[in-house]
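Trainee: Test case, fold it:
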Amino acid sequence: MLRCLPQLSLTATTDCSSPSLEGGVIDDNTSSQISPTVNLSRAYSLAVQTSSYGEIWSKVHHEVPSDLSVEVAQVESQEEPLQLEDVLKPNHESVQEALLHIKPDLLNQLIAKYLDDSEETTRLCILFSQSVNQARLLYAPIHKLLDVLPPDTESSGHSLSQAQCNWAFEIFLQFDSLTNPFPRRDTHNFNDMRHCYFELKHELDLLLHKSRSKVQFLCHATKGSVICLVGATIGVIVTAVAIASHALVTLVAAAPVCPVCLPSKMGKKELVHLVQLDDATKGIFFLHNHLETVNCLVGRLYDAVEYYKHLVRFALERGKDRYPIQERPSSQLSPSSKSGSRIICLSDT
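Mentor: Numbering: from 1, shown residues only. Predicted coordinates:
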């Protein structure tokens, strides 16, 4: 994002042009051909192949043994939590230092707000990752229970023994004693972030339009300068002939000289700036959609855990009787049911 600011005088190179967001103005005459649509699948594939992604993935994820005996203390006191400094590159101090060297106009204020919001988004994603790890520990005993259940307890006519019911009761009791690791849907309000994203995208779209227009102008100016240079050369020849023949009228007519050809470095620099602006706009699009996706996913996981707790409490209220344990929580959490398949998917997240 900071690279798109001309005040920082940063340069960048790229092997391919990046796609822009919807709403951008695209000129086919520019030498930077940018796609009008965003290929999310391709962008995701490229992102997960980077070394930085692999480094962060190894820091965030760790294996949870499926046969782990979960206690409340084990869930509450996990290994040293991941810090923002472990995943933010550049770190907070470096970003703040860079922001000191830019002009405090509207665009730069929006960029500063965007960087703060992206840091907050990273913090929330770290919390979400920790919640997933806690949920894995929370469901580990239930996985052990599902391993001994038949694929479909209702159709197979299989009946749990009293010892299995007692064991399931203890597992459900332990499950109910732990809190939901995921926050409620209305815990975080992202309206301020969304407003900042939309404003910043609008400002960057304006810069993209200006940058593309400038590139187009430089291309036309370069072509015009070549024609003008040829014309000036012919004019010099005519002038020389006029001087030789003392024809003053011809000399005056040949006097106008066109400006010299614009340096190609200006066009290349503007193209680099254009690609940087397009990358920044695309980054806003991805971050906003990523935030929306994570927010919806966390809300669904919270609802799923609450639904499981409702089933478990139904059985616990009726004691260790075989029917409420087998027909409600056990059957609903079996691998063949939707609830059971969701638990299995969560363990593979």
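
Trainee: And the helices in the stretch 101-250 of the chain?
Mentor: In the stretch 101-250 of the chain, the segments counted as helices under DSSP state H, counting those that start in this stretch are 106-148, 153-156, 162-177, 191-245, 248-253.

Trainee: Compare those and say which comes out lowest on pLDDT.
Mentor: For the helices of the stretch 101-250 of the chain, mean pLDDT drops lowest on helix 248-253, to a mean of 38.

Trainee: Which element is encountered next along the chain beyond that helix?
Mentor: Heading C-terminal from helix 248-253, the first helix or strand you meet, by DSSP states H and E, is helix 264-316.

Trainee: other SSEs contacting that following helix?
Mentor: Counting by 3 or more Cβ pairs under 8 Å, 6 or more residues apart in numbering; DSSP states H and E, the packing neighbours recorded for helix 264-316 are helix 40-48, helix 106-148, helix 162-177, helix 191-245, helix 322-325, helix 338-347. The way it works is simple: take the backbone N, C-alpha and C, and place the C-beta from them, glycine included.

Trainee: Averaged pLDDT, it. What do you get?
Mentor: Rounded mean pLDDT across helix 264-316 is 79.

Trainee: Specify the angle between it and helix 106-148 in degrees.
Mentor: Orientation check (axes from the mean of the first three to the mean of the last three Cα atoms, to 10 degrees): helix 264-316 against helix 106-148 gives 40 degrees.

Trainee: From residue 309, how far out is residue 202?
Mentor: Computed as Cβ to Cβ, to the nearest Å, the residue 202 to residue 309 distance reads 44 Å.

Trainee: Which of these two has more residues huddled nearby?
Mentor: Just comparing residue 202 and residue 309: by other Cβ atoms under 10 Å the higher neighbour count belongs to residue 309, 18 against 12.

Trainee: Skipping adjacent residues, who's closest to the more buried one in space?
Mentor: Using Cβ to Cβ, 6 or more residues apart in numbering and skipping the chain neighbours, the partner closest in space to residue 309 is residue 176 (6.2 Å).

Trainee: burial measure for that neighbour, as a count.
Mentor: Neighbour count of residue 176, defined by other Cβ under 10 Å: 13.

Trainee: Residue 190 versus the residue lying closest to residue 291 once chain neighbours are set aside, what's the distance?
Mentor: Distance criterion Cβ to Cβ, 6+ apart; nearest residue to residue 291, sequence neighbours excluded, is residue 121 at 5.7 Å. Remark: distance between residue 121 and residue 190 (Cβ to Cβ) = 9 Å.

Trainee: any common contacting residues for these two?
Mentor: residue 291 (Cβ atoms under 8 Å, 6 or more residues apart in numbering).

Trainee: Tally up the residues packed near residue 321, please.
Mentor: Applying other Cβ under 10 Å, we find 12 residues neighbouring residue 321.

Trainee: meant to ask about residue 54, not that
Mentor: 11.

Trainee: Could you do residue 178 as well?
Mentor: 18.

Trainee: repeat for residue 278
Mentor: 26.

Trainee: how close does it sit to residue 205?
Mentor: 10 Å.

Trainee: Same question for residue 88.
Mentor: 27 Å.

Trainee: can you check residue 287 too?
Mentor: Using Cβ to Cβ, residue 287 is found at 16 Å from residue 205.

Trainee: How about residue 118?
Mentor: For residue 118, the distance to residue 205 - Cβ to Cβ - is 19 Å.

Trainee: same check, this time on residue 167
Mentor: From residue 167 to residue 205 the distance is 61 Å (Cβ to Cβ).

Trainee: so how many other residues sit close to residue 281?
Mentor: Around residue 281 there are 27 residues (other Cβ under 10 Å).

Trainee: Is it in contact with residue 205, as I believe?
Mentor: Yes. Using Cβ atoms under 8 Å, residue 281 is in contact with residue 205, at 6.7 Å.
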